[in-house]
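[1] give me coordinates for this.
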Amino acid sequence: MENKQITIIGGSGGMGQVFSKYFKNHGFQVTIFARDLNRLRKVAKELEVNFAKTLEEGLNNADIVMISVPISSTIGVIKKVIPYLKNNALICDITSLKSEIYEVYKQELNKYPINCLSLHPMFGPGITNMQNYMMLSIRIGGTKDYNILVDDLLELFRSDGLIIIETTPEIHDTKIALTLGLPHMFNILFLNLLKRSNNSLNELTRFTGTTFLLQKVFAESIIQREMEMFGEIQMENPKFLNVINDLVSLMNDYKHVIENKDKEKFNELFIDALNYSKYDVHFKRSYEYFYEFMKILKKKED
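    Have a look, this model is predicted:
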């Protein structure tokens, strides 16, 4: 795929820069576009890629266009971009929600001879090596060359060790509500619950065991990331309300167990969790991983 032209919309952002560097390293001619022209110039100079002053300028000759903007902006940007694409161009997004975007792509395919693919990289801007990370992929459709173009792109990712998981919009959004929205929510609530205790984290750490310490560090690493993204992943995904409803129901059951000192029911909940998790591929070595993390933490403290 060398010498192909790719334009990344939102290319000055964190993930936009990740993919700008990635495609540049693979011989693509990379152009980035973003609303903030001053920042755009600065990032383009740092990455040694081209930048476009206008959207139309950036899209005219692009073989591939990648949309890397916030979730709430993605649909609007897709609709704005597609009319400028040349015939047989491939457009893809990397947003965290898919159902609505899938429908928009389908509508646009009725109007334009283009190719549409929806991607979701399961890593953040801090990545330095894609080996063994996952990329979710949803094929949407396009011209007679669709499968060739998409297969070439996905094979490029695979060549660098990315694990490509092909899925559907419905499955994607249901799973993401559980694998992203749920842990994000737990950690936001965890820190807010501790805050309500009127104890500082430093003070609590003096009384901590290994479980609290690891949970605290994990929560602190999560909370430093983009607030807008976390909010959108939870608020814009209708599947996430189902998760919250299940959690509220479970918490009410748990409260009832504790209030009534119902050891039998507590044991039942505990064993259900154990039986659910023991078939997981990480289960047998989970305690080993736990203490490896602890060694890293203790080494940093020393």
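[2] C-alpha only now, for contacts and for neighbours.
    Fine.
[3] got a list of what the one residue sitting closest to the centre of the chain touches?
    Geometric centre of the chain, nearest residue: residue 122, 4.7 Å, by C-alpha atoms, centre = their mean. Contacts for residue 122 were tallied using C-alpha atoms under 8 Å, 6 or more residues apart in numbering; they are 133-136.
[4] where neighbours are concerned, which of the residues you listed has the most?
    residue 135 (20 neighbours; other C-alpha atoms under 10 Å).
[5] next, that one: secondary structure please.
    At residue 135 the chain is in strand, as set by DSSP: H, G, I helix; E, B strand; the rest coil.
[6] next: residue 164.
    Per three-state DSSP, the local secondary structure of residue 164 is strand.
[7] that one bridge partners, please.
    residue 135 (DSSP bridges).
[8] got the contact list for it?
    134-137, 154, 157-158.
[9] ok, 7 Å please
    If you count contacts by C-alpha atoms under 7 Å, 6 or more residues apart in numbering, residue 164 has them with 134-137, 158.
[10] how is this structure partitioned into domains?
    By the assignment in automatic domain parsing, the chain contains the domains 5-167, 171-301.
[11] average pLDDT across the shortest one?
    Spelled out, it's domain 171-301. Averaging the model's pLDDT scores along domain 171-301 yields 92.
[12] in the helix or strand where residue 253 lies, what's buried?
    Assigned by DSSP states H and E, residue 253 falls within helix 239-259. Buried residues in helix 239-259, counting neighbours by 16 or more other C-alpha atoms under 10 Å, are found at 239-240, 243-244, 254, 257.
[13] helices of the protein, start to end?
    Here the chain has its helices, by DSSP state H, at 14-25, 37-47, 55-59, 71-81, 99-109, 146-159, 169-176, 182-196, 201-205, 210-223, 227-235, 239-259, 263-277, 286-301.
[14] tell me the angle of the longest one relative to helix 169-176?
    With axes from the mean of the first three to the mean of the last three C-alpha atoms, to 10 degrees as the basis, helix 239-259 and helix 169-176 are set at 30 degrees to each other.
[15] roughly how far out does helix 239-259 sit from the chain middle?
    The chain centre lies 26 Å from the centre of helix 239-259; the measure is C-alpha atoms, centre = their mean, to the nearest Å.
[16] show me which of the buried residues of helix 239-259 is closest to residue 87.
    Using C-alpha to C-alpha, residue 239 comes nearest to residue 87 of the buried residues of helix 239-259, at 35.3 Å.
[17] distance-wise, check that closest one relative to residue 77.
    As judged by C-alpha to C-alpha, to the nearest Å, residue 239 and residue 77 stand 24 Å apart.
[18] same deal with residue 209?
    48 Å.
[19] and for the nearest residue to residue 15 once chain neighbours are set aside, the neighbour number?
    The shortest distance from residue 15 to any non-neighbouring residue, by C-alpha to C-alpha, 6 or more residues apart in numbering, is to residue 125 (5.1 Å). Residue 125 has 12 neighbouring residues, counting by other C-alpha under 10 Å.
[20] over to residue 114?
    24.
[21] follow-up on the earlier one: generate a markdown table for the buried residues of helix 239-259, with distance to residue 164 as supplementary columns.
    Formatted as a markdown table, these follow (distance: C-alpha to C-alpha, whole Å):
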| residue | distance to residue 164 |
| --- | --- |
| 239 | 23 |
| 240 | 24 |
| 243 | 26 |
| 244 | 29 |
| 254 | 38 |
| 257 | 42 |
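[22] tell me the one of the residues you listed nearest residue 290?
    Closest approach between the buried residues of helix 239-259 and residue 290, by C-alpha to C-alpha: residue 254, at 25.7 Å.
[23] buried sites along stretch 67-78?
    67-71, 74-75, 77-78.
[24] from the residues you listed, which single one is nearest residue 97?
    Ranked by distance to residue 97 (C-alpha to C-alpha), the buried residues of stretch 67-78 are led by residue 71 at 7.2 Å.
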